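1. output the structure for:
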Amino acid sequence: FLRHVERTRVLIHLVEPFPTDESDPVSNYHTIRRELANYSLALSQKPEVACVSKAELTGAAEVRDRLAADLGHPVHLISSVTGAGLAGVVGEVTQLLAEVKRAEREAAERAK
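-> As a prediction, the model looks like this:
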């Protein structure tokens, strides 16, 4: 799976606000990030958009706020059921992709 993920330019990290195993979603986020870094430092350094899913559930916003406070940057709250928050994620991903592509072009120019 991670071999396929390496081909991406931007990661979208979806966080389940209420895992069925009752584990902590913030801790789960960090576990996945550690696994990415253990697999590939380059993969762990790719731009990432963090999202807490299931915005329609009571308490999901609080999970997003906890994760955002832990990370020190905004985290999207989204819902595939209602569509809430998806436009913001698409906008951020679009911006990050443009930045990555611009950096790739500049690196290719410098290499010539």
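
2. for the protein, what spans make up the strands?
-> Remark: strands assigned in the chain by DSSP state E are 11-15, 48-52, 76-77.

3. just checking: what are the partner strands of the second one?
-> Same thing as strand 48-52. strand 11-15 (parallel), strand 76-77 (parallel) (DSSP bridges).

4. any low-confidence regions in the protein?
-> Applying pLDDT under 70 to the chain flags no residue at all.

5. next up, the contacts around residue 96.
-> Counting by Cβ atoms under 8 Å, 6 or more residues apart in numbering, residue 96 makes contact with 9, 10, 47, 49. From N, CA and C alone the C-beta is placed, and that goes for glycine too.

6. make it 7 Å
-> Neighbouring residues of residue 96 by Cβ atoms under 7 Å, 6 or more residues apart in numbering: 10, 47, 49.

7. most neighbours of all those residues, which one?
-> Highest neighbour count within these, by other Cβ atoms under 10 Å: residue 49, with 21 neighbours.

8. that residue and residue 104: what is the separation?
-> 19 Å (Cβ to Cβ, to the nearest Å).

9. wait, isn't residue 49 in contact with residue 9?
-> No - applying Cβ atoms under 7 Å as the test, residue 49 and residue 9 come out as separate, 11.6 Å apart.
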